[in-house]
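Predicted structure and sequence below. I'll ask about it afterward.
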Amino acid sequence: MCELLVRVVDKKGTDSEKDFLQSFRGDVIDIFEDGTQYGAATLKNPDWLIVKMPGVPRTEMLDLLEPEWKEEADGSRTVVRKRARCFDLDKMDTTALATLSAAAETVTVDASLKTALDASKATKATLVVKVG
């Protein structure tokens with residue numbers, strides 16, 4: 001099982017021309033092994049949630065850390081967004097999200113979310129949570 005640190009609010013930089021390099025709502029910030037011991041600052045930070053993925057190895061989720069690239073005419077690539085794929089938190093139950101964000105708790109998602117991400121190759125996937 002792995003655990004995802006998912007941003008709940010957009011991060012804004014001081015340079016608007018480089019905002020595309022910041023992380024946005026629904027982006028995965030990092031992926032940890034099951035059982036990682038988090039500090040109080042991580043657990044209580046309202047900017048993100050820790051999402052537990054039962055039965056999904058960390059290595060299978062690493063693609064969520066990949067940037068979105070633009071292929072240039074000369075064959076080079078330029079980063080246009082820090083993460084190419086993210087969770088669509090806007091489609092998540094708003095009451096559940098508000099409760100989780102306020103409590104800065106962890107949430108558990110069904111392992112089928114990984115299958116849905118792979119099958120669709122979508123840039124956004126709805127994060128379905130089990131609350132309680």
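Received the coordinates, thanks.

mind listing the strands in this protein by residue range?
In order along the chain, the chain carries the following strands (DSSP state E): 2-7, 28-33, 48-53, 68-71, 77-81, 86-87, 106-109, 124-125, 129-130.

Check the ones you listed for me and report the most buried one.
Burial of these is given as mean neighbour count (mean count of other C-beta atoms under 10 Å); strand 86-87 ranks first at a mean of 24. Any C-beta I mention is one placed from the backbone N, CA and C, and that applies to glycine too.

Pull up the pairing partners for that strand, direction included.
strand 124-125 (parallel) (DSSP bridges).

tell me the mean pLDDT over the partner strand?
Averaged across strand 124-125, pLDDT comes to 52.

Kindly report the same for stretch 70-84.
Model confidence over stretch 70-84 averages 88 on the pLDDT scale.

what residues does it touch?
Contacts of stretch 70-84 with the rest of the structure, by C-beta atoms under 8 Å, 6 or more residues apart in numbering, involve 20-24, 27-28, 64-69, 123.

Kindly indicate which of the residues you listed lies nearest K44.
Comparing those against K44 with C-beta to C-beta places S23 closest, at 18.6 Å.

on that earlier part again, save the strands of the chain as a markdown table, and put in distance to A40 too.
Conversion of the strands of the chain to a markdown table gives the following (distance: least, C-beta to C-beta, whole Å):
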| stretch | distance to A40 |
| --- | --- |
| strand 2-7 | 15 |
| strand 28-33 | 16 |
| strand 48-53 | 13 |
| strand 68-71 | 33 |
| strand 77-81 | 31 |
| strand 86-87 | 24 |
| strand 106-109 | 14 |
| strand 124-125 | 30 |
| strand 129-130 | 23 |
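
By neighbours, which of the contacts of stretch 70-84 wins?
Neighbours here are counted as other C-beta atoms under 10 Å. On that basis the top member of these is D27, with 24 neighbours.

Enumerate every residue touching that residue.
Going by C-beta under 8 Å, 6+ apart, D27 touches 6-7, 82-83, 86.
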